[in-house]
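1. this one's sequence-less:
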């Protein structure tokens, strides 16, 4: 299979399984470098399963997927950390270590992905916190931060290795509308700097306000607004 040099994600004839059940089938699509794409669909439609497959948390058994130059099917476990160095992953529930400071939460990812120089780590910490609009909070603990601030820390952590692709799974799901718009503004700034973003969301008002390409999981299929005609239903 030949993959496009202009795409950070290439999916061809892929089927996604979860616990031996077919979740999505016959998937074929690409995401270009620097593209912003929304992923939508009802609960249980396969959004998270697709995202997990892209960052190799869920095994790909049928079809071909390339993410940031890595072939996902048959990818050895020893290679998965190298794939994830090319990605940033943002979760709805933050997944911060509650017993560690903001700095230590971010340093943990740095160390896990091969950073060793303490001076460079400190400089990068300051850079990523500044990118998400946070000041001198590195000594604070997650419980001392608002939900919006915690999500900004998660985004900062995801940016540590200057990812080619940022995968966000319902990143505004636990936040109020005003805070959600601030988080989306950060994503747009990241995207404008050249990072591709694939963002799963139920917040259709955000899509209407900040339109971009939409992939929709529906009935085990994936519809693409670049190809298919479909109506987004307001789900909030």
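-> That came through, no problem. It should be emphasised that the depicted structure is a prediction, and the values quoted were computed from it without experimental measurement. Numbering: from 1, shown residues only.
2. tell me what whichever helix in the chain runs longest is packed against?
-> When the chain is scanned for its longest helix (criterion: DSSP state H), the result is helix 177-192. Using 3 or more C-beta pairs under 8 Å, 6 or more residues apart in numbering; DSSP states H and E as the contact criterion, the neighbours of helix 177-192 among helices and strands are strand 36-40, helix 118-131, helix 147-158, strand 165-169, strand 196-200, helix 204-209. Where you see a C-beta, it was placed from the backbone N, CA and C, and this is true even at glycine.
3. and the first one with strand 165-169, angle?
-> Here strand 36-40 runs at an angle of 30 degrees relative to strand 165-169 (axes from the mean of the first three to the mean of the last three C-alpha atoms, to 10 degrees).
4. I'd like to know how many residues surround residue 81.
-> For residue 81, the number of neighbouring residues by other C-beta atoms under 10 Å comes to 12.
5. For the nearest residue to it once chain neighbours are set aside, which residues are in contact?
-> Distance criterion C-beta to C-beta, 6 or more residues apart in numbering; nearest residue to residue 81, sequence neighbours excluded, is residue 113 at 6.9 Å. Neighbouring residues of residue 113 by C-beta atoms under 8 Å, 6 or more residues apart in numbering: 81, 84, 85, 160, 161.
6. ok, residue 162 - contacts?
-> In this structure, residue 162 makes contact with residue 195, judged by C-beta under 8 Å, 6+ apart.
7. secondary structure element for it?
-> Under the assignment given by DSSP states H and E, residue 162 is not contained in any helix or strand.
8. Could you name the residue of this structure that is farthest from its center?
-> Each residue of the chain has a distance to the centre, and by C-alpha atoms, centre = their mean the biggest one is for residue 119: 27.8 Å.
9. Just the closest of the contacts of residue 113 to residue 224, please.
-> Checking the contacts of residue 113 against residue 224 by C-beta to C-beta gives residue 84 as the nearest, at 25.6 Å.
10. Give the burial count for the closest one, as a bare number.
-> Residue 84 is flanked by 22 other residues according to other C-beta under 10 Å.
11. Where does it fall, secondary structure wise?
-> Per DSSP H and E: residue 84 is located in helix 80-85.
12. I'd like to know how far residue 201 sits from residue 143.
-> Noted for residue 201: a distance of 26 Å to residue 143, by C-beta to C-beta, to the nearest Å.
13. Of these two, give the one with the bigger neighbour count.
-> In terms of neighbours (other C-beta under 10 Å), residue 201 is the more surrounded of residue 201 and residue 143; the figures are 25 against 9.
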